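Peer 1: Structure, please.
(one chain, ligands or ions: 2)
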Amino acid sequence: MQFKSSIRTDGSREKVRIADVAGRFTKARQIFFYVLMVIYALVPFIKVNGKPLIFIDILHRQFFLFGFTYNAQDFYLVFFLLSGALFTLFYITAVAGRLWCGWACPQTVFLEGVFRRIERLVEGPKSEQLLLAQSPWNFKKIVKFIIKHFLFVIFACAVSHIFLSYFVSMDELLSFVRHNPHEHWVAFIWMISITAVIYFNYAWFREQLCLIVCPYGKMQSALTDDDTLVIGYDALRGEPRGKVSDSSRGACINCRRCVDVCPTGIDIRNGLQLECIGCANCIDACDEIMDKVGQARGLVRYDSLNGLLKKPRHILRPRIYLYTVLFFVGLAVFSFFLFKRHTFEANILRAPGIPYVLTEGKIRNQYLLHVINKTAEKAKFTFKFSGEANVIIPFLEIELGSLEEKRIPAFAEMDAKKFKGQFNIILTSTNTQTGEVVVSQIPFLGP
Ligand code: SF4
Ligand code: SF4
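Peer 2: Numbering: from 1, shown residues only. Ligands and ions are numbered 1, 2, ... in the order given. This next block holds a predicted model:
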């Protein structure tokens, strides 16, 4: 059966087993993978100003980023953060193709950095893996199967715990680990489900996530152009391919090493393909062959399509300008909202029920004063009202703990005879530590 990648033309799957590969990119990627994994595992332990570096506390609807504390009201900032990350990714893709996929995507990092390494350790190189897969079930095969999948589950469980620590505090997570699951069954179900998804993905689904599920891979043709840095085969130099002994051949000796090491099972010599995740395995594999046959390296290399065709290259081009402008516009809007953000919120809201009451010649409006301390420390706030009505409130000063919020009932009243029409009650709230002032207002209603 002919197939173009690990997915055959009839939709069935051709399991990819990659041959061992060594070289400068393989080594650099492995080091980079370990650095990323260490960062991923350490971030939940790092604290800035006594708060976690990155922590999304779903239970208490608050999040911590690089020493700053945010609550649910600040969630709109996530939109700017995500869109900023998206435009950065667009920009990197337009300049350097699928650098993210091959070097930094968690799918690649954990698959190549951990799970495929375990497989190689237990089952041996590609040739032994193929023999094992074809052999009938016997003691040796069963033992290898159990060891491999046991290690997969252990790592999936470790990754799942680290992932959860971004959403549940480290102290809580450690307490979950020490106590019986029935004491925290919701968190336990989450942990089991995430472990199962990670195990399924890295043990079996693998490159199909990139080929079938990932939307980023599908967007490549729209994000890149002929000047984007990609991994490509120099057909001008390589063709016609032929045996080493063939004197009329180009540089390619048709050894298929580049195909043997490809994690998505494609042949880079067929041109740029959506299935290519930019892992650079084929560069190292081909360079090794070129060294052996005494030819110059770089038959498969990082280059643009224009570069591979010996056409002029353009670094600055319209889409680079466009993505740069969009990136800086996004950054400016994000910075504006970030610096405009107050360290507390104080809003005067209408209390549920009828808008006003008329009693003993007086009009009365009922309100709720909603105050939130958005800082990581205790803070004291004072309130001042202005407007034609007299505002009555239990206290004009309040102290709130970190991210604490309070609703204080208040009412405003005035003589019905003096009421000439709707006007605003103005609330001026002050953070006594920082001197920051927030002003809000609400209409006083009457007949
Ligand atoms: S073609 Fe080369 S760079 Fe692309 S996925 Fe295959 S081995 Fe990696
Ligand atoms: S590894 Fe190089 S020489 Fe061998 S088939 Fe691939 S491109 Fe040709």
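
Peer 1: How much space separates Arg257 from Gly23?
Peer 2: The spacing between Arg257 and Gly23, counted by C-beta to C-beta, to the nearest Å, is 11 Å. (C-beta placed from N, C-alpha, C; glycine too.)

Peer 1: Give me the buried positions along the helix or strand hosting Ile194.
Peer 2: Ile194 belongs to helix 185-200 when assigned by DSSP states H and E. By neighbour count on 16 or more other C-beta atoms under 10 Å, the buried set for helix 185-200 is 187, 190-191, 194-195, 198-199.

Peer 1: what's the closest of the residues you listed to ligand 1?
Peer 2: Ile198 (22.0 Å; C-beta to the nearest ligand atom).

Peer 1: and the closest one, what pLDDT?
Peer 2: On pLDDT, Ile198 comes in at 97.

Peer 1: Please list all residues in contact with it.
Peer 2: Shown in contact with Ile198 (C-beta atoms under 8 Å, 6 or more residues apart in numbering): 110, 156, 159-160.

Peer 1: The residues you listed: which two are farthest apart?
Peer 2: Farthest-apart pair in these is Phe110 and Ser160; separation 11.5 Å (C-beta to C-beta).

Peer 1: pLDDT averaged over stretch 39-53 - what is it?
Peer 2: What stretch 39-53 shows for mean pLDDT is 86.

Peer 1: again but with stretch 237-249, I slipped
Peer 2: 94.

Peer 1: Next: stretch 97-110.
Peer 2: In this model, stretch 97-110 carries a mean pLDDT of 95.

Peer 1: What parts of the stretch 201-350 of the chain come near ligand 2?
Peer 2: With C-beta under 6 Å from any ligand atom as the criterion, the stretch 201-350 of the chain comes near ligand 2 at residues 233, 238, 252-258, 269, 285-286, 289, 299-300.

Peer 1: re the thing from before, past the helix holding Ile194, which element shows up next along the chain?
Peer 2: Using DSSP H and E, the helix or strand that follows helix 185-200 towards the C-terminus is helix 207-208.

Peer 1: With ligand 1 in mind, check whether that next one reaches it.
Peer 2: No - applying C-beta under 6 Å from any ligand atom, one finds helix 207-208 separated from ligand 1 by no less than 8.6 Å.

Peer 1: what separates the following helix or strand past that helix from the chain centre, distance-wise?
Peer 2: Counting by DSSP H and E, the element after helix 207-208 in chain order, helix or strand, is helix 215-218. Chain-centre distance of helix 215-218: 15 Å, with C-alpha atoms, centre = their mean, to the nearest Å.

Peer 1: Return the set of buried residues in helix 215-218.
Peer 2: Within helix 215-218, the residues that qualify as buried are 216-217, counting by 16+ other C-beta under 10 Å.

Peer 1: Check stretch 323-330 too.
Peer 2: Buried, per 16+ other C-beta under 10 Å, within stretch 323-330: 323, 326-327, 330.

Peer 1: Restricting to C-alpha, output the worst-scoring helix or strand of the chain on mean pLDDT in CSV.
Peer 2: One helix or strand of the chain scores below all others by mean pLDDT, DSSP states H and E: strand 68-71, with a mean of 77. Taking C-alpha atoms only, strand 68-71 is exported to CSV below (Å, rounded to 0.1, in the frame of the first residue of the first chain):
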residue,chain,number,x,y,z
PHE,A,68,1.2,40.2,39.9
THR,A,69,-2.1,39.1,41.3
TYR,A,70,-5.3,39.1,39.3
ASN,A,71,-8.9,38.2,40.0
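
Peer 1: Walk me through which strands it pairs with, and which way each runs.
Peer 2: Sheet pairing for strand 68-71, assigned by DSSP bridges, gives strand 62-65 (antiparallel).

Peer 1: Quick one: residues in contact with the strand it pairs with.
Peer 2: Against strand 62-65 from outside (C-beta under 8 Å, 6+ apart): 51-57, 69-72, 74, 403.

Peer 1: And the residues you listed, which of them are buried?
Peer 2: The neighbour count (16+ other C-beta under 10 Å) marks 52, 55, 57, 69-71, 74, 403 as buried among the contacts of strand 62-65.

Peer 1: tell me, how many neighbours does the closest residue in space to Ser6 that isn't next to it in sequence end up with?
Peer 2: Nearest non-adjacent residue to Ser6, counting by C-beta to C-beta, 6 or more residues apart in numbering: Gly265, 4.0 Å away. Look at Gly265: counted by other C-beta atoms under 10 Å, it has 22 neighbours.

Peer 1: Just the pLDDT for Gly265.
Peer 2: Predicted confidence (pLDDT) for Gly265: 91.
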